[in-house]
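*Asks:* Kindly generate the corresponding structure for this input.
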Amino acid sequence: MSPGEVRRIGAEELISHGVRTIDDRAPLRATERTPGPVILLSMQGRSTEFAIDTASAHPDHSVFAFVDTAELSMKPSDGPWMPVESGLVVAPPGVTHHVRCEGPWHITAAYVRRPALGAFVTGVPDDARSLGERRPLDLAMQAFIEQILATDEEATAIERYAIEHLIVEMSGAILLDRVGAESSQRSPRATLRDRAVAVIAQQCGDPGLTPAVVAREVQCSLRQLQLVFAEVENSVAGEIRHQRARLARSLLLDSAHDQLSIEQISQRAGFHSPMSLRRALDEDYGTTPRALRTQRDTGQHAARETAGR
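*Replies:* The predicted model follows:
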């Protein structure tokens, strides 16, 4: 399959994506497009039970699945069936669940590499999570994926890059939005701090991001925001630097960005110079850009050797 090409696949080929139908008599249709490290899927059928195992199929990817069905239930490998709301299901790598869809159903899914999401949030949910409340960004991401899968033309290199970039951006923003929603039960000051961290995580690649800009984004005074961060022995400027270091680290650990020089990595992460990048990585992680890439390559080599035994 050429990169960016749309392909119709069947139940047997879905197994390569960690999806196995329990009842082979249940007909289904599926479409796949792989513009890059991101994988896009569309599936539809009637009354089907699936065994989901992303641990074996895509251990480095998180799954964002938009499920439309009359009745949806999920069951972990060692637990009972539980009804869940139809909507957006966010699953981390390593999920092993059974899923049952009753009546006509349609699933649109994006498999997004976990290192790419590290530029937005510190982590994804530990287990599959169903989010029944649909929000504008969820609906927009679903519609975008479905449109991409409905177009048979093979994507150009620029289009593949744009598709992958947009899917990663939307996935990261959805996670940030959900993290913000979950923090709503906390104190107003903690919630304000969480909102500011979310803004910083999303915009840290912009070298023009400053504490004053963050304060304006969350609609409070700079002094108030500085006091909120001081309560946890942090500062707005320190959080910006930390998030830039985390973004740079995720880029350095992702082989998809190997073509970027250290200077280009520092620019994408919002640093004004490679020296600022090196200093931040040393302070936060006790390492250097070159050491991170060497560490990743060594780990991948060891994994390949283990798999080949």
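*Asks:* Flag the shaky bits of the stretch 151-300 of the chain, pLDDT-wise.
*Replies:* Flagging of the stretch 151-300 of the chain using pLDDT under 70 yields the residue ranges 179-186, 297-300.
*Asks:* Which parts of it are helices?
*Replies:* In the stretch 151-300 of the chain, the helices defined using DSSP state H, counting those that start in this stretch lie at 157-182, 188-203, 211-217, 222-230, 236-252, 262-268, 274-285, 289-308.
*Asks:* Give me the buried positions along stretch 49-56.
*Replies:* E49, F50, A51, I52, D53, T54 (16 or more other C-beta atoms under 10 Å). For every residue, glycine as well, the C-beta is placed using N, CA and C.
*Asks:* my guess is the second one contacts W105, does it?
*Replies:* No. The criterion here is C-beta atoms under 8 Å, and F50 misses it with W105 at 10.2 Å.
*Asks:* Test my guess that R29 contacts A11.
*Replies:* No. Applying C-beta under 8 Å as the test, R29 and A11 come out as separate, 10.0 Å apart.
*Asks:* Give me the more crowded residue out of these two.
*Replies:* Taking other C-beta atoms under 10 Å, R29 and A11 do not tie; A11 has more neighbours (20 against 13).
*Asks:* Surely the more buried one is in contact with I22?
*Replies:* No. Using C-beta under 8 Å, A11 makes no contact with I22, being 10.4 Å away.
*Asks:* Nearest residue to the residue most central in space within the chain in space, please, no chain neighbours.
*Replies:* Centroid-nearest residue in the chain: L117, 4.1 Å away (criterion: C-alpha atoms, centre = their mean). Sequence neighbours aside, G172 is the residue nearest to L117 in space, at 5.6 Å (criterion: C-beta to C-beta, 6 or more residues apart in numbering).
*Asks:* do you know how far that neighbour is from E133?
*Replies:* Separation of G172 from E133 (C-beta to C-beta, to the nearest Å) stands at 19 Å.
*Asks:* Tell me which of the two has more neighbours.
*Replies:* Each of G172 and E133 has its neighbours counted (other C-beta under 10 Å); G172 has more, 19 against 10.
*Asks:* so A198 makes contact with L176?
*Replies:* Yes. The pair A198 and L176 passes the contact test of C-beta under 8 Å, sitting 4.7 Å apart.
*Asks:* Mind listing the shared neighbours of these two?
*Replies:* Listed as contacting both A198 and L176 by C-beta atoms under 8 Å, 6 or more residues apart in numbering is no residue at all.
*Asks:* rewinding a little: OK, contacts around the residue nearest to the centre of the chain?
*Replies:* With C-beta under 8 Å, 6+ apart, L117 has these contacts: S62, V124, V168, S171, G172, L175.
*Asks:* end to end, how far does stretch 81-97 reach?
*Replies:* Across stretch 81-97, the terminal residues are separated by 10 Å (C-alpha to C-alpha, to the nearest Å).
*Asks:* Can you give me the buried ones in that stretch?
*Replies:* Neighbour counts over stretch 81-97 (16+ other C-beta under 10 Å) mark V84, S86, G87, L88, V89, V90, A91, P92, P93, V95, H97 as buried.
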